[in-house]
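1. Fold the following for me, if possible:
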Amino acid sequence: MQKAKILLLEDDINLSETITEYLEDEGYEVIPVYNSDEALEKIYEMDFDILLLDVMVPGIDGFELLKQIRQKSDAPAIFITSLDSVESLEKGYESGCDDYLRKPFALKELKLRIETLLKRAFESKSQKIAIDKNSYFDLATNTLYINNKPVNLNQKEIKLLKLFLKHPNQQLSHEKIYETLWEYEESPSDMALRTYIKNLRKLLGKERIESIKRYGYKFIK
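-> From the prediction side, this is the model:
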């Protein structure tokens, strides 16, 4: 089972460990980093579902960091910071964040905000994204269910399905799909992609995924 992946940029080691332990107990995979350089490195290496960013960190500050991240990733971002002025709040949203949480905060509040952003990314009010009357995708566990039974998908098939569910009825280029499925150090494979498409069609119906000649695919929902 592939858990939702969170990047946590927090240079206070004790707070970072507290947040990491709590979110991992809640079922998330957390990658902690302690400065902006490490954060950028991870962003280019991995695909994240949520970004948690402190602002006053070693290197460039969180606001400038998110501006750079937005060139590579559109993952929902929450600033977690002690900065509490309206100007800082405005600057945070201008830099591309989706939410702004002032320290100190309750860990449960952070969890609720994460859940809300995950649902918003799929334009859903539920953690369970309906595909048809017999199948749905559970955001909390990154699991596909068909007839209420979990289906075993590999990590790239999960990434592909999530990409389709985020962009229903939209044409997605091969390049966009490659960028999402394969990490920085990996080499994309058209043959592997065709296999993942075939497996999803077998589960959800051939008509569900439309091939766009010499361009990519479209998920019909």
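
2. Let me know the pLDDT of the spatially most central residue of the chain.
-> The centre of the chain sits closest to Asp49, judged by Cα atoms, centre = their mean, with a distance of 1.5 Å. Looking at Asp49, its pLDDT reads 90.

3. before we move on, what about Gln2?
-> The model reports Gln2 with a pLDDT of 57.

4. going forward can the numbers begin at 278, since that is how I track them
-> Sounds good: first residue 278 from here, last item Gln279.

5. quick one: contacts for Asn411?
-> 423-424 (Cβ atoms under 8 Å, 6 or more residues apart in numbering). No exception for glycine: its C-beta is placed from N, CA and C like everyone else's.

6. rerun at 10 Å
-> 422-425, 481-482 (Cβ atoms under 10 Å, 6 or more residues apart in numbering).

7. still on that earlier bit, touching, the residue nearest to the centre of the chain and Leu394? I think so.
-> Yes. Under the criterion of Cβ atoms under 10 Å, Asp326 makes contact with Leu394 at 8.8 Å.

8. which residues are in contact with the lowest-mean-pLDDT helix or strand in the chain?
-> Every helix and strand of the chain was ranked by mean pLDDT, DSSP states H and E. The lowest is helix 363-371, at a mean of 89. Here helix 363-371 makes contact (Cβ under 10 Å, 6+ apart) with 330, 332, 338-341, 343-344, 354-356, 358-360, 362, 374-377, 379.

9. Got the domain ranges for this structure?
-> 282-398, 405-496 (automatic domain parsing).

10. So which of these is the most surrounded?
-> Of all the domains of the chain, domain 282-398 has the most neighbours on average by mean count of other Cβ atoms under 10 Å, namely a mean of 17.

11. need the contact list for the residue nearest to the centre of the chain.
-> Asp326 neighbours (Cβ under 10 Å, 6+ apart): 280-284, 305-306, 352-353, 391, 394-395, 398, 416, 419, 439.

12. switch to 6 Å and redo it
-> 281-282 (Cβ atoms under 6 Å, 6 or more residues apart in numbering).

13. Could you say whether the closest residue to Asp314 other than its chain neighbours sits in a helix, a strand or coil?
-> Spatially, and ignoring its direct neighbours in sequence, Asp314 is nearest to Gly336 (5.1 Å; Cβ to Cβ, 6 or more residues apart in numbering). Under DSSP: H, G, I helix; E, B strand; the rest coil, the three-state class of Gly336 is coil.

14. For Gly336, give me the pLDDT.
-> On pLDDT, Gly336 comes in at 94.

15. What residues does it make contact with?
-> 312-314.

16. List the ones among the residues you listed that fall in helices.
-> If you go by DSSP state H, the contacts of Gly336 have 313-314 in helices.

17. Asp288: which of the contacts of Gly336 is nearest?
-> Ranked by distance to Asp288 (Cβ to Cβ), these are led by Asn312 at 6.5 Å.
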